[in-house]
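*Asks:* A structural model of the following input is requested.
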Amino acid sequence: MATLIQNPPLVELRDVRHVYGKAGGSGLVVLDDVDLALFDNEIVGLLGRSGSGKSTLLRSIAGLIEPTEGNIRFAGDDKEPVTVSMVFQSFALFPWLTVLQNVEVGLEAKRVPAEERRKRALAAIDLIGLDGFESAYPKELSGGMRQRVGLARALVVDPSILLMDEPFSALDVLTAETLRTDLMDLWCEGRMSIKSILMVTHNIEEAVLMCDRILVFSSNPGRVVAEIKVDLPQPRNRQAPAFRALVEDIYVRMTARAEPGQPREGLFPGTGIGMVLPRVSTNTLAGLMEAVAAAPYDGKADLPQLARELQYEADELFPIAEVLQLLRFAELEGGDLKLLPAARRYVEAEVDDRKQLFAQHLLKYVPLAAHVRRVLDDRPSHQAPASRFRDEIEDFMSEEDAGLTMKSVIQWGRYAEAFAYDEASDLFSLDNPV
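*Replies:* As a prediction, this is how the structure comes out:
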């Protein structure tokens, strides 16, 4: 019997690890022990919650950042190297350049002669469906058209691998679906010269719709915890039982509890006051608890069904559900969101009672909120500058994450009347709490 020999991977990652953090700080491990191989003629999706390091991994492959540890090896040689090009979540266009000039940027950097540059750029613009808009500026284009320009700019340099970092997430639902379908048509018809696509997504249905393989990442730190082969023919039907079953299976995998003896992955990056918190409003938290408490869920909701009914994508629903779990209002397990007794009491309570219950859970289960309140209680003035806490948590996370985390704690603390915050003076106090 003949043995099928698989060609070597276009790119192979071994033991990749990446740590963010200040010099002398504890550092935040966003990727740990990641192995990945990307082969010819496949679309591979990197799927996981926020904080799983997917975009960091993609940027490492693109050469935009260098991993702390591990190796990234490309196939090919000097005569025919494997090359990459990237499409970003934000459109990343130069506003002062026309569509044609934006697409030509990469070719110009490679010193391609002007005549050939123009010819290739026009062909790429025509390919992605923007023929006639060559002289338009980005401000004249819709979001979907701007992302098509970004796609043309990535394709015009004839890369071996196309990297896409949530390319449809900034678009409205209908525009995203149209662009997704057009891209898959180009791929299936072989009209693009690229050999493989590696894409980051938070959208579970999008991954099943487009990908041949899906790598599911754990969070904090990011590790590949599952590799799923998608053996459904293209074009795929979202309503097909096999499609729905695969979506359900991925939700279950992403909400599964750790096995006994295995390390429990954190909901969010970091621990203690160094935990990075998402921006989820108390109104949103209350709304989700009310929705799950009501019929037809009656306290326990299947996440895929809940996402469809509420028109949420996984990357929108997971942070809300995870904050509820952090606050011990709910549990996530087996692809379901189950309300705990405290959530039942919250839904049935009046406004003031809701605030008191939320305050109890906030100060008990969110270390940074408890730390702020403890400092305010201990000071005779019952005041403290927010910069003091911001500087503390920046030892554990980036400045951007610290800002988002502080905004979340401020909003949650204000709602709970656990402490007050004055934006003009950037000062915490106990002026409002009784």
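
*Asks:* neighbours of the nearest residue to Phe396 once chain neighbours are set aside, how many?
*Replies:* Nearest non-adjacent residue to Phe396, counting by Cβ to Cβ, 6 or more residues apart in numbering: Gly274, 2.9 Å away. Every C-beta, even on glycine, is put in place using the N, C-alpha and C of the backbone. Per other Cβ atoms under 10 Å, the neighbour tally for Gly274 reads 22.

*Asks:* Gly274 touches Asp401, doesn't it?
*Replies:* No: using Cβ atoms under 8 Å, Gly274 is not in contact with Asp401, being 9.8 Å away.

*Asks:* I'd like to know how far the residue nearest to Phe396 sits from Ile393.
*Replies:* Counting by Cβ to Cβ, to the nearest Å, the gap from Gly274 to Ile393 is 6 Å.

*Asks:* and Tyr20, by the same measure?
*Replies:* Relative to Ile393, and taking Cβ to Cβ, Tyr20 is found at 13 Å.

*Asks:* for these two, indicate the residue with more neighbours.
*Replies:* Remark: of Tyr20 and Ile393, Ile393 carries more neighbours, 24 against 19, as counted by other Cβ under 10 Å.

*Asks:* just checking, the more buried one touches Leu404?
*Replies:* No: the criterion here is Cβ under 8 Å, and Ile393 misses it with Leu404 at 10.6 Å.

*Asks:* find the nearest non-adjacent residue to Glu140, please.
*Replies:* Phe133 (8.0 Å).

*Asks:* which ones are touching the one you found?
*Replies:* By Cβ atoms under 8 Å, 6 or more residues apart in numbering, the contact list for Phe133 reads 99, 125, 140-141, 145.

*Asks:* okay, now Asp172: neighbour count?
*Replies:* 12.

*Asks:* dihedrals phi and psi, it?
*Replies:* phi -70, psi 170 (degrees, to the nearest 10).

*Asks:* do Ala349 as well
*Replies:* Per degrees, to the nearest 10, the backbone of Ala349 is at phi -80, psi 160.

*Asks:* adjust the sequence numbering to begin at 56 for everything that follows.
*Replies:* Done: numbering now begins at 56, and the last item shifts to Ala404.

*Asks:* tally of neighbours for it?
*Replies:* 14.

*Asks:* state the distance from it to Gln411.
*Replies:* From Ala404 to Gln411 the distance is 8 Å (Cβ to Cβ).

*Asks:* do Ala349 as well
*Replies:* 23 Å.

*Asks:* just to revisit the earlier point, per-residue pLDDT of the residue nearest to Phe451, please?
*Replies:* Gly329 is assigned a predicted lDDT (pLDDT) of 80.

*Asks:* would you mind measuring from it to Glu455?
*Replies:* 15 Å.

*Asks:* mean confidence score for stretch 367-382?
*Replies:* 84.

*Asks:* pLDDT score for the residue nearest to Glu195?
*Replies:* 85.

*Asks:* by neighbour count, which of the contacts of Phe188 wins?
*Replies:* Result: Val154 is most packed of those (other Cβ under 10 Å), 26 neighbours.

*Asks:* that one touches Gly187, doesn't it?
*Replies:* No: proximity of Val154 to Gly187 does not meet the contact threshold set by Cβ under 8 Å, at 9.7 Å.

*Asks:* which residues of the stretch 206-355 of the chain fall in helices?
*Replies:* 228-243, 259-265, 296-309, 337-348 (DSSP state H, counting those that start in this stretch).

*Asks:* mind putting those in CSV, distance to Gly100 and mean neighbour count included?
*Replies:* Listed next are those as CSV, based on distance: least, Cβ to Cβ, whole Å; neighbours: other Cβ atoms under 10 Å:
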stretch, distance to Gly100, mean neighbour count
helix 228-243, 12, 15
helix 259-265, 4, 24
helix 296-309, 10, 17
helix 337-348, 26, 18
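
*Asks:* in JSON lines: those helices, plus mean pLDDT and distance to Leu68.
*Replies:* Listed next are these as JSON lines, based on pLDDT from 0 to 100; distance: least, Cβ to Cβ, whole Å:
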{"stretch": "helix 228-243", "mean pLDDT": "82", "distance to Leu68": "23"}
{"stretch": "helix 259-265", "mean pLDDT": "89", "distance to Leu68": "19"}
{"stretch": "helix 296-309", "mean pLDDT": "84", "distance to Leu68": "21"}
{"stretch": "helix 337-348", "mean pLDDT": "91", "distance to Leu68": "36"}
